[in-house]
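[1] below are the sequence and a predicted model; questions follow.
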Amino acid sequence: MDPRDTLNRLFEAAVGAADPLQVMQDYLPEQPKGRTVVIGAGKAAASMAKALENHWTGELSGLVVTRYDHGLETDYIEVVEAAHPVPDGAGEAVAKRILESVEGLTEDDLVLCLISGGGSSLLALPAPGLTLADKQQINKSLLKSGATISEMNCVRKHLSAIKGGRLGAHCAPAKVVTLGISDVPGDDPDVIASGPTIGDPTSSADALAIIDRYGFDIPQNVRDWLNTPEAETVKPEDPRLAGNEFHMIATPQKSLEAAAAACKEMGLPSIILSDCVEGESREIAKFHAAMAEQVINYGQPLPSPCVILSGGETTVTVRGNGQGGRNAEFMLSLLCSLKGKERVYAIAVDTDGIDGTEDNAGAILTPESFQRAIDAGIDLHAMLDNNDGYNVFKQLGDLIITGPTRTNVNDFRAILITS
């Protein structure tokens with residue numbers, strides 16, 4: 001058993017369980033009497049559109065937006081690319097077009113909404129009186145703040161003309177069936193892509209409290225907007241959303257279970273810690289290191305060989321100017337904590353294939369990684385202080401580079417402890 005190959009196989013199993021081309025056909029609704037209009041946004045939007053075309057027997061038309069370089073060739077559903085994680089003009093323009101595409105529908109029509117992580121920045125339509133520059137500034141501040149995804153999306157909803165249920169309300173009286181791929185802890189439909197078709201239980205006061213809690217500046221016009229009644233989102237009890245449906249086609253838990261099944265096939269006991277781990281990446285890494293130590297020292301919670309699996313979305317409070325997303329940060333902190341512990345191998349990756357804004361999905365480490373870094377003259381703690389995990393693993397040749405997977409169930413971590 002080659003440890004690197006084992007970890008890569010687990011990652012592939014996790015991604016495969018979230019691939020729309022493999023799982024989406026089981027969730028398609030009945031065809032309507034009238035038109036079927038497809039809309040959608042997210043890193044998986046193109047693959048979801050392609051999967052829909054592969055299995056839908058009636059007529060289709062529509063428009064979805066995905067991240068740059070995440071597109072696929074489709075026949076009936078137009079795929080547009082835009083920026084993530086900071087929105088751009090392309091995202092603003094396509095959001096307007098998506099709203100226009102669902103105007104004038106009847107109760108005999110069906111809107112199929114394909115939603116996955118990343119949709120918050122890709123559907124970039126500012127609320128009245130706000131600008132794209134306002135949203136860009138606040139998005140950048142949120143990404144550096146250490147706020148959770150739920151907190152970030154609460155703010156985003158209340159600054160949008162399309163998210164927080166507004167798109168769903170705009171589709172009325174047509175029925176809306178939303179098919180979702182969860183990238184958020186807890187799999188809350190109203191959080192995924194900021195819930196464009198789902199009623200929102202949060203308030204604009206909640207959004208202001210989050211901004212103040214993390215202490216970043218916002219333009220005065222944004223604060224003024226959040227203090228108006230118009231900033232409130234569409235609530236779950238809104239009659240315009242009555243009769244709409246939401247179906248989750250892929251989740252972090254399903255991907256972890258697929259990885260656990262792959263472990264079983266390889267004769268490796270495994271434990272899933274959680275599908276919704278949140279918190280600072282570097283601190284979560286310390287906990288995982290302690291778990292590995294417990295296995296080695298006491299055979300708990302499993303004797304070795306075994307695999308520890310976890311998912312969710314950690315955060316990074318950016319203090320330095322280095323490169324790397326939350327998975328590179330996790331791995332660098334894990335490397336510092338384990339200090340070359342024998343028998344411990346690990347992988348941490350973003351299931352969308354892109355860790356933050358870099359070209360890697362994540363990284364891998366072995367018991368030799370620590371000494372190799374020392375021999376290369378790398379000051380690991382200084383690099384961690386600078387949030388520069390990407391360049392550590394680039395120097396070691398241990399980045400995981402897959403390119404876009406066109407799905408997204410968030411972080412995937414596996415720690416292999418050999419015997």
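    Here it is on my side, so go on. Numbering: from 1, shown residues only.
[2] okay, now the domains of this protein?
    The chain breaks down into these domains under automatic domain parsing: 3-12+252-417, 20-250.
[3] tell me the SS of Val177?
    strand (DSSP: H, G, I helix; E, B strand; the rest coil).
[4] quick one: it and Leu28, what's the gap?
    From Val177 across to Leu28, the span is 9 Å (Cβ to Cβ, to the nearest Å). For glycine as for every other residue, the C-beta is placed from the backbone atoms N, C-alpha and C.
[5] more neighbours, the two?
    Neighbour totals were compared for Val177 and Leu28, and Val177 leads with 20 against 17 (other Cβ atoms under 10 Å).
[6] neighbours of the nearest residue to Gly42 once chain neighbours are set aside, how many?
    Closest residue to Gly42 apart from its sequence neighbours, by Cβ to Cβ, 6 or more residues apart in numbering: Ser116 at 3.1 Å. Ser116 has 32 neighbours, counted by other Cβ under 10 Å.
[7] same check, this time on Ser310
    Applying other Cβ under 10 Å, we find 24 residues neighbouring Ser310.
[8] might one say that it is in contact with Cys276?
    No: assessed by Cβ atoms under 8 Å, Ser310 is found out of contact with Cys276, at 9.3 Å.
[9] export the domains of the chain to JSON lines and tack on mean pLDDT?
    Conversion of the domains of the chain to JSON lines gives the following (pLDDT from 0 to 100):
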{"stretch": "domain 3-12+252-417", "mean pLDDT": "97"}
{"stretch": "domain 20-250", "mean pLDDT": "96"}
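[10] need phi/psi at Val307.
    Main-chain torsions, Val307, degrees, to the nearest 10: phi -130, psi 130.
[11] OK, contacts around it?
    Leu10, Ala259, Cys263, Leu268, Pro269, Ser270, Ile271, Ala414, Ile415, Leu416, Ile417 (Cβ atoms under 8 Å, 6 or more residues apart in numbering).
[12] just the residues you listed now: which is nearest Tyr76?
    Distance to Tyr76 across the contacts of Val307 (Cβ to Cβ) is lowest for Ala259, with 34.2 Å.
[13] quick one: list the elements packing against the helix or strand hosting that closest one.
    Using DSSP states H and E, Ala259 falls within helix 252-265. Helix 252-265 is packed against helix 3-16, strand 270-272, strand 306-312, strand 411-417, with contacts defined by 3 or more Cβ pairs under 8 Å, 6 or more residues apart in numbering; DSSP states H and E.
[14] next, the buried residues of stretch 38-45.
    Using 16 or more other Cβ atoms under 10 Å as the test for burial, stretch 38-45 gives Val38, Ile39, Gly40, Ala41, Gly42, Lys43, Ala44, Ala45.
[15] out of these, which is nearest to Asp200?
    Nearest member of the buried residues of stretch 38-45 to Asp200, counting by Cβ to Cβ, is Ala41, at 16.2 Å.
[16] test my guess that that closest one contacts Pro196.
    Yes: with contact defined as Cβ under 8 Å, Ala41 and Pro196 form a contacting pair (7.1 Å).
[17] shared neighbours, those two?
    Ile115, Gly119, Leu123.
[18] among those residues, which lie within strands?
    Of the positions in the shared contacts of Ala41 and Pro196, Ile115 sit in strands, assigned by DSSP state E.
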